[in-house]
Every structure is written in C-alpha cells, then in structure tokens.
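1. Have a look at this fold, sequence not included:
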C-alpha cells in the first residue's frame, strides 16, 4: 500500500495565487526560460512545428517591446509630474495635505520622495509646513 505525503496533497488541492493567475504575471525572462526548457525537452521524433517556434519568438519580442514601452511611459509620466509641480511654485493652490487636512496657500517648493528600494517616486508640493501629493491638488490659481 502506497502512502501519499500530506504536503503533496495540500499543494495539489490548494493552488497558490501564482498558479491561479496562469501566465498573466510571467516576465519576459521567465518566458524565455520556459521556451528554452521546452526546446531542450521536446521529443526529437516530433519536434516543435516551425510556425509554433516563430509564433513564440514573436511573442517574446512583443513582450520585450511592451516592457520597454511601459518603462518609457512611466518615466515620461514621472518627469511630467515634476515639470507640472515646478510650474506651480508661486501659485496659490487648494487641496488635501498628506495628513488629510485642507490646504490653501502658495506653493513655495517641490520635492520628490522615493521608497526605500528607490522604485517608486512621488512628486510633492509644499505650502508652508504642509506637504501634499500632486494628485491631491484641486485648484491652481496664479497670484
């Protein structure tokens, strides 16, 4: 009589989040590793069809181009936020401060905050001792 390890049965019956998402969250590097593994382990008597190979290579290029475009657009958005915030210096604004209080005053400076990993940036405007995310500004008026 064979015995099934309980950890194996738990894994099989309770898939984790990554398994549930399928290939939606796969990176181009992971996709490339899968393709190489597929090529190395294919049946030599029944190799992958050329059209399938071309299709997968096309998908790799598409993923790379999409990743590059996403990165470029993200950088452009961050730069545009900084330019927009800089143009507000000396202008009167109304909005919601980081501490959830109302702010009404003249922007005296702009700053950029990053997280510990330096992967995200937030553009902040300063009105006196109050700081607000640029996304929380409701009104901008010239003095």
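-> Yep, that arrived. The structure presented is a predicted model; accordingly, all values stated were derived computationally and were not measured.
2. for the protein, longest helix please?
-> Determined from DSSP state H, the single longest helix within the chain is helix 50-87.
3. Now the element after that one, going C-ward?
-> strand 92-96 (DSSP states H and E).
4. Let me see the residues that make contact with that next one.
-> Identification of contacts with strand 92-96 by CB atoms under 8 Å, 6 or more residues apart in numbering yields 102-107, 125, 127, 132, 136-143. For glycine as for every other residue, the C-beta is placed from the backbone atoms N, C-alpha and C.
5. got the contact list for residue 69?
-> Residue 69 neighbours (CB under 8 Å, 6+ apart): none.
6. Which pLDDT value goes with it?
-> pLDDT, residue 69: 88.
7. Next one: residue 100 from residue 128, what distance?
-> 16 Å (CB to CB, to the nearest Å).
8. Between these two, which is the more surrounded one?
-> residue 128 (11 against 7; other CB atoms under 10 Å).
9. wait, the more buried one sits on residue 108?
-> Yes. The pair residue 128 / residue 108 is scored as a contact, 7.1 Å apart, by CB atoms under 8 Å.
10. ok, back up a step: check the contacts of strand 92-96 for burial and list the buried ones.
-> Taking 16 or more other CB atoms under 10 Å as the criterion, what is buried in these is 103, 107, 125, 127, 132, 137.
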